[in-house]
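**Student:** below: sequence and its predicted model.
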2 protein chains.
Amino acid sequence: MLCASFALVAEPTSKRRPHVVIIGGGFGGLYAAKTLRRADVDVTLVDRRNHHLFQPLLYQVATAGLAATDIASPIRKIIGRNPNTTVLLAEVLRIDPAQRRVELHGELPPLDYDALIVAAGVRHDYFGHPEWEKYAPGLKNLEDAMAIRSRTLLAFEHAEREVDPARKAAALTFVIVGAGPTGVEMAGAIAEIARQTLSGDFRRIDTRSSRVVLIEGGPRVLASYAPELSEKAKASLMDLGVEVRLGERVTLVDERGVQLGSGERINAETVVWAAGIAASPLGAQLGGETDRLGRVKVAPDLSVPAHTEIYAVGDLIAMEQDGQALPGVAQVAIQSGKLAAQNALARLQGRATTPFRYTDKGSLATIGRKRAIAQVGKLRLSGFLAWLLWLFVHILFLIGFKNRISVFINWAWAYFTFQRGARIVLTEGAKNDRP
Amino acid sequence: MLCASFALVAEPTSKRRPHVVIIGGGFGGLYAAKTLRRADVDVTLVDRRNHHLFQPLLYQVATAGLAATDIASPIRKIIGRNPNTTVLLAEVLRIDPAQRRVELHGELPPLDYDALIVAAGVRHDYFGHPEWEKYAPGLKNLEDAMAIRSRTLLAFEHAEREVDPARKAAALTFVIVGAGPTGVEMAGAIAEIARQTLSGDFRRIDTRSSRVVLIEGGPRVLASYAPELSEKAKASLMDLGVEVRLGERVTLVDERGVQLGSGERINAETVVWAAGIAASPLGAQLGGETDRLGRVKVAPDLSVPAHTEIYAVGDLIAMEQDGQALPGVAQVAIQSGKLAAQNALARLQGRATTPFRYTDKGSLATIGRKRAIAQVGKLRLSGFLAWLLWLFVHILFLIGFKNRISVFINWAWAYFTFQRGARIVLTEGAKNDRP
């Protein structure tokens, strides 16, 4: 039952240790692997990318504040030197719970497991309109971030060259759909780029006249925070010149912009999707039940009821605690990743497993330079102090010491100069015009 | 004759100043624009990318030492605030010297000029075999660098997964064609990645057993340097484990590797082209003569003899000085860019132009960590001291203060830890296998 098919290729295993396969190198998978690093098991971590991504800062790459390499670390560098761990750059084709086997794309031999930890996360969902994706990219990985960065910067370049006033206005209109943390952070950052960073760099447009429109179907921004913090965040956004449209649904996205439920049409060259999510399709292959978003209904110990050797973690789990769904944040992934690894090990060793209990260490969201909101237990903070806390926590948790220094310098630079160091479009921007 | 077609769009020009168009935002074009910043002319700088690239460090991006954004600065940020300068992200379709007009791709109005400075540089040339490009990418822009970085890092990942010994060996073989500065720097950096950076990160391969083969048609590496420095550079490369093959021509490049003139075949998954160059096709549209590489035969004052209002600069010019062709280095571009701007202005104002004389400020090339060669006038340096000089000069000349700090930190980090901060493959590496 060991990783026979794969291990034989490398070297004959003298000792048959249980094989734990982890799918996904995000926070959940990484902390699961770290938890197992001294355990008497062989661990294989599979990811289709070579890097772990510090997702809380992804919007900074999308808005030219940080370089892609600042928020990504090679998975091999983080856990590849654990003696019991193999890192495999591969894409999962299929999970076969009956055979306890993970099949991989390409000509790679399958992985047989004794325990499986699935940390495959979520992706965008366009409310049943996948055709919107090409007009309104979401923000889940570095390529998304680079694409949004290019699109945003090129929109200003396009406006500078454009002769037709209506098209010029559309080039200077930025719509962000969804006012969760990502949407709020994106809207704030784009507003700052237009109002401050680029002001004075162009000849034929005044970038400060750009429209940044944040559209949210619910009644408030950052709905997972306390209502008074939502109010503060909304006020901060409006200070930055963001138009906040609450209780509005997007009914159509096309190459020219968006249509709202109220019938209003907003012509915009740049639309960013920060609204819906759906679980990785792997969630449906674990032999258990899933909810309407495709998330796995796990037992309290994070295992799949029908296959207790399989665990799901992070965004992939559908679980309530004290009547509330767990939020899709890094802390849930980290804590569930650790516990899933401990429970998998416990079960392999015939010990009892422990139920999962998420400890909320607090939430932070930033709205541009010097503004943020924080909610830690009963404590509510907003403004500059919350922003300092946000800065401190994010630099502290960034994986990789060098990245911390680099990010710190990028931020200090941006703070004092209003400049953004990563205003680079990788492709030949000149050809990338939208019609 | 002014930029009527374009300027009318923005605002009615109350005063008709001469219009100088600069094509290209590399060293030549940028220094031409800087030289004109206080002149009584309107300047339009056209580039198809939004950034200036610090090309001497491009190989560091290709070898995961630096982030793309470390060596690129937005052209707007550098010169966009000069009051007389318009930066235009656009691609040149055609130059019409008779009409004194530059036509642009897309629906953009053409640019009419009173003086034109063409700094369009060079591109790769595959000795009449354009079909080799897809197997052996060259290194001229950030996309090239990212592609080579991905290919190199993925080759190790592929080797780790590969079962077939021959294919595993090919995955661990890296061929660099051409032993000029770029080829030597690439070979040294890849050897260091294999021997030091990655050593210990993999389970099924020993990256230190990788082959790095540097192939050069001529009799020595870095032929533009003094022979004793070429010898030192070769010895340094061999110390790093690079196989240096001099006097060997590549007769075929295909998906499996390269074939040499001697009949030998080297199977390699990664081949990097650092051999031939050819001038931008724009050189042939200036109404003058070109040499066999397509470079423009300019008059001593850098103008095109048949159209003295047109100037060519940098790599684009075919010129000899003291019996030797000018080298394709940043200093030639900078010095000729400045002089072309001065001469263009002089002629517009009815003054005499000045002939170009290149002042060699010295050459530097690095071969991995702690090793370099330097040639400054009669002075020849090699080893650690030359490397420190290289470091100092490159950080000093990097455009953008923030980039300097960021690069310095990246290097200090790499120096003390043997790690490379930018080991990130942006695409989903798992699917990128070559057949």
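**Tutor:** Thanks, I have the structure now.

**Student:** from A:R245, how far out is A:T251?
**Tutor:** For A:T251, the distance to A:R245 equals 13 Å [CB to CB, to the nearest Å]. C-beta: built from backbone N, CA, C; applies to glycine.

**Student:** more neighbours: which of the two?
**Tutor:** A:R245 (18 against 13; other CB atoms under 10 Å in any protein chain shown).

**Student:** ok, the more buried one - contacts?
**Tutor:** Residues counted as contacts of A:R245 (CB atoms under 8 Å, 6 or more residues apart in numbering or on different chains) are A:213-216, A:260.

**Student:** could you single out the nearest of the residues you listed to chain B?
**Tutor:** The shortest separation between chain B and any of those is 24.6 Å, and it belongs to A:V213 (by CB to the nearest CB).

**Student:** sec struct for the closest one, please.
**Tutor:** When the structure is split into helix, strand and coil by DSSP: H, G, I helix; E, B strand; the rest coil, A:V213 lands in strand.

**Student:** for it, give me its contacts.
**Tutor:** Contacts here follow CB under 8 Å, 6+ apart; on that basis A:V213 touches A:173-176, A:242-243, A:245, A:266, A:268.

**Student:** out of these, which sit inside helices?
**Tutor:** Under the assignment DSSP state H, the contacts of A:V213 contribute nothing to helices.

**Student:** highest neighbour count among these?
**Tutor:** Using other CB under 10 Å as the contact criterion, the top neighbour count among the contacts of A:V213 goes to A:I176, which has 30 neighbours.

**Student:** surely that one touches A:A189?
**Tutor:** No. Between A:I176 and A:A189 there is no contact under CB atoms under 8 Å: 9.9 Å.

**Student:** can you pull out the helices in the stretch 101-250 of chain A?
**Tutor:** Chain-ordered helices for the stretch 101-250 of chain A, with DSSP state H, counting those that start in this stretch as the definition, fall at A:142-161, A:165-171, A:181-192, A:227-239.

**Student:** again, but for the stretch 251-400 of chain A
**Tutor:** Secondary structure of the stretch 251-400 of chain A by DSSP H, counting those that start in this stretch: the helices cover A:330-348, A:384-397.

**Student:** enumerate the residues of the stretch 151-300 of chain A near chain B.
**Tutor:** With the criterion set to CB under 8 Å from any CB of the partner chain, the stretch 151-300 of chain A comes near chain B through A:153-154, A:157, A:160-161, A:163, A:198, A:200-204.

**Student:** so where's chain A uncertain?
**Tutor:** Counting by pLDDT under 70, chain A has low-confidence residues at A:1-15, A:399-402, A:417-418, A:421, A:426-435.

**Student:** how does it divide up, domain by domain?
**Tutor:** Using automatic domain parsing, the domain ranges for chain A come out as A:4-48+A:90-121+A:280-348, A:125-276+A:369-431.

**Student:** can you tell which of the ones you listed is closest to B:A39?
**Tutor:** Smallest distance to B:A39 across the domains of chain A (CB to CB): 17.0 Å, for domain A:125-276+A:369-431.

**Student:** just how off-centre is that closest one within its chain?
**Tutor:** In this view, domain A:125-276+A:369-431 has its centroid 15 Å away from the chain centroid, taken as CA atoms, centre = their mean, to the nearest Å.

**Student:** burial measure for A:A374, as a count.
**Tutor:** Number of residues near A:A374 (other CB under 10 Å) recorded here: 23.

**Student:** tell me if I'm right that it and A:L388 touch.
**Tutor:** No. Using CB under 8 Å, A:A374 is not in contact with A:L388; the gap is 9.7 Å.

**Student:** start and end of stretch A:358-378, how far apart?
**Tutor:** As for stretch A:358-378, its first-to-last residue distance stands at 17 Å under the measure CA to CA, to the nearest Å.

**Student:** I'd say A:V393 and A:A365 touch.
**Tutor:** No. Using CB under 8 Å, A:V393 is not in contact with A:A365; the gap is 11.5 Å.

**Student:** if you count surrounding residues, which of the two has more?
**Tutor:** A:A365 (24 against 16).

**Student:** next, the residue nearest to A:I317 when sequence neighbours are not counted: phi, psi?
**Tutor:** Closest residue in space to A:I317, ignoring its immediate chain neighbours: A:V298 at 5.1 Å, by CB to CB, 6 or more residues apart in numbering or on different chains. As for A:V298, its main-chain torsions (degrees, to the nearest 10) stand at phi -90, psi 160.

**Student:** list buried residues within the residues of the stretch 151-300 of chain A next to chain B.
**Tutor:** The neighbour-count criterion (16 or more other CB atoms under 10 Å in any protein chain shown) marks A:153-154, A:157, A:160-161, A:198, A:201-204 among these as buried.
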